[in-house]
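no FASTA, just this:
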């Protein structure tokens, strides 16, 4: 039993069952034993590999999109270029290098920011960026970013923000809780709490007994804060995560440890807990602030941004082994059986502004 699991069990024994969002928050962010506060989960030696770690092409194409967005909103200067939830810092490193090649004036004049709550991960990011870290300012929240136009990126950000789950029970929905069974083991139970019917996805009324819906007020609140900043100061945002483009019913809570899935109650603090992101809800929040919101799969986005052409240029003077590595990266990033369909992209822009590969409407 992990140390955090023992502490959670003691808390439940003393105070009663806890909702799923509280369980997720403890597992991921507990100051003493939380997953993100005690380990570096990224890369081959960690528990999962993110797109920036697969290939430099990902960060390059994201940077190209940000540059196009900056042109489309009128080339404002000063401007802040920020990443929220920046992992090891690989994406920012690739973006800064690419932006410097695209427009040296922009790269020199822009303010670069990293939004990271973990002191340990900030140290990892500083090591990754090395010399490129010069001029980057770290923030704990978006609230302290400069009040000026903002270009912001979040990759695999929203999936780790805790959600509430509700179970269909009788004619209504009861909040899913983590409690203790008769043997003292962690188990899921249906609690007494209910959910506002207005938050349920379309079709929830027809869901069978025992079905689960996920409601993510913390995700909506973060998107609202970002959208308010973009609407008030101009700018654009690009958010990439695994999830779905339409709201629906289903349990997507999962634990990943050592590149494999495991029981979400098995090893609190030692496995990454995530749920799929409801992009339809995030898009609705952005639109409620008067912004345009455009969605696509990651495969559609990367291919539309020129992934194959970039891969061809990288492989032109490479040996056979390197060309094979580049080809494998393309398949992992954009292939429908890999990240291409599972991961989605949300672009947030001023209303009426179009930036390829997204259409002007959406």
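It's in. This one's a predicted model, so the numbers in the text were calculated from it and none came from an experiment.

Any buried residues in stretch 176-183, and which?
Judged by neighbour count using 16 or more other Cβ atoms under 10 Å, the buried positions of stretch 176-183 are 176-180. For every residue, glycine as well, the C-beta is placed using N, CA and C.

for stretch 108-117, same thing?
110-116.

so which of these comes closest to residue 168?
Nearest to residue 168 out of the buried residues of stretch 108-117 is residue 115 (Cβ to Cβ; 36.8 Å).

For this protein, which residues score under the pLDDT cut-off?
Applying pLDDT under 70 to the chain flags residues 41-47, 360-362.

before we move on, back to that, out of the buried residues of stretch 108-117, which is nearest to residue 92?
Using Cβ to Cβ, residue 114 is the member of the buried residues of stretch 108-117 that lies nearest residue 92, at 6.4 Å.

what's the farthest-apart pair in the buried residues of stretch 108-117?
110 and 116 (18.6 Å).

What about the closest residue to residue 97 other than its chain neighbours, how many residues nearby?
In this structure, residue 97 finds its nearest non-sequential neighbour in residue 132, 7.3 Å apart by Cβ to Cβ, 6 or more residues apart in numbering. Residue 132 has 18 neighbouring residues, counting by other Cβ atoms under 10 Å.

just checking, residue 132 is part of a helix?
Yes: judged by DSSP: H, G, I helix; E, B strand; the rest coil, residue 132 forms part of a helix.

Hmm, it is touching residue 99, no?
No: Residue 132 is beyond contact range of residue 99, at 11.1 Å (criterion: Cβ atoms under 8 Å).

how much space between residue 20 and residue 224?
Here residue 20 is placed at a distance of 22 Å from residue 224 (Cβ to Cβ, to the nearest Å).

who has more neighbours, those two?
Neighbour tally, residue 20 and residue 224, criterion other Cβ under 10 Å: the higher count belongs to residue 20, 25 against 15.

ok, the more buried one - contacts?
162-165, 175-178, 253 (Cβ atoms under 8 Å, 6 or more residues apart in numbering).

out of these, which are inside strands?
Secondary structure from DSSP state E places 164-165, 175-178 of these in strands.

Quick one: these as TSV, columns for distance to residue 68 too.
Formatted as TSV, the ones in strands among the contacts of residue 20 follow (distance: Cβ to Cβ, whole Å):
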residue	distance to residue 68
164	37
165	38
175	43
176	42
177	46
178	45
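
Spell out the residue ranges of the strands in the stretch 201-350 of the chain.
Counting by DSSP state E, counting those that start in this stretch, one finds strands in the stretch 201-350 of the chain at the ranges 212-215, 235-244, 254-257, 260-262, 272-274, 277-278, 291-297, 343-350.

which one of these is the most hemmed in?
Among these, strand 277-278 has the highest mean neighbour count (mean count of other Cβ atoms under 10 Å), at a mean of 27.

Mind checking which of the buried residues of stretch 108-117 are in strands?
Short answer: the buried residues of stretch 108-117 in strands (DSSP E) are 111-115.

Quick one: those as a markdown table, columns for distance to residue 69 too.
Below are those laid out as a markdown table (distance: Cβ to Cβ, whole Å):
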| residue | distance to residue 69 |
| --- | --- |
| 111 | 16 |
| 112 | 16 |
| 113 | 16 |
| 114 | 19 |
| 115 | 18 |
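
between those residues, which is nearest residue 357?
residue 112 (25.0 Å).

What separation is there between that closest one and residue 95?
Residue 112 sits at a distance of 9 Å from residue 95 (criterion: Cβ to Cβ).

what residues do those two have in common as contacts?
residue 81.

count of residues packed around the closest residue to residue 353 other than its chain neighbours?
Nearest non-adjacent residue to residue 353, counting by Cβ to Cβ, 6+ apart: residue 72, 5.2 Å away. Applying other Cβ under 10 Å, we find 15 other residues in the vicinity of residue 72.

With the one 4 residues further on instead?
For residue 76, the neighbour count with other Cβ under 10 Å is 14.

follow-up on the earlier one: what residues are up against the residue nearest to residue 97?
Counting by Cβ under 8 Å, 6+ apart, residue 132 makes contact with 92-93, 96-97.

quick one: which of those is most hemmed in?
That'd be residue 92 among the contacts of residue 132, by other Cβ under 10 Å, with 28 neighbours.

Helix or strand: which one has residue 153?
strand 150-155 (DSSP states H and E).

Could you do residue 40 as well?
Going by DSSP H and E, residue 40 is not in any helix or strand.

Tell me who's in contact with it.
Taking Cβ under 8 Å, 6+ apart, we find residue 40 in contact with 46, 88, 120-121, 124.

isn't there a helix covering residue 70?
Yes: under three-state DSSP, residue 70 sits within a helix.

unless I'm mixing things up, it is touching residue 76, no?
Yes: in this structure, residue 70 is within contact of residue 76 by Cβ under 8 Å, at 7.5 Å.

which non-adjacent residue is nearest residue 192?
Nearest residue to residue 192 in three dimensions, chain neighbours excluded: residue 174, at 6.7 Å (Cβ to Cβ, 6+ apart).

Same question for residue 263.
residue 255 (6.6 Å).

who's in contact with the one you found?
Contacts of residue 255 (Cβ under 8 Å, 6+ apart): 261-264, 266-267, 271-273.

okay if I get those residues as CSV plus distance to residue 327?
Formatted as CSV, those follow (distance: Cβ to Cβ, whole Å):
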residue, distance to residue 327
261, 27
262, 31
263, 35
264, 35
266, 36
267, 36
271, 31
272, 28
273, 33
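
Please consider this matter closed, and thank you.
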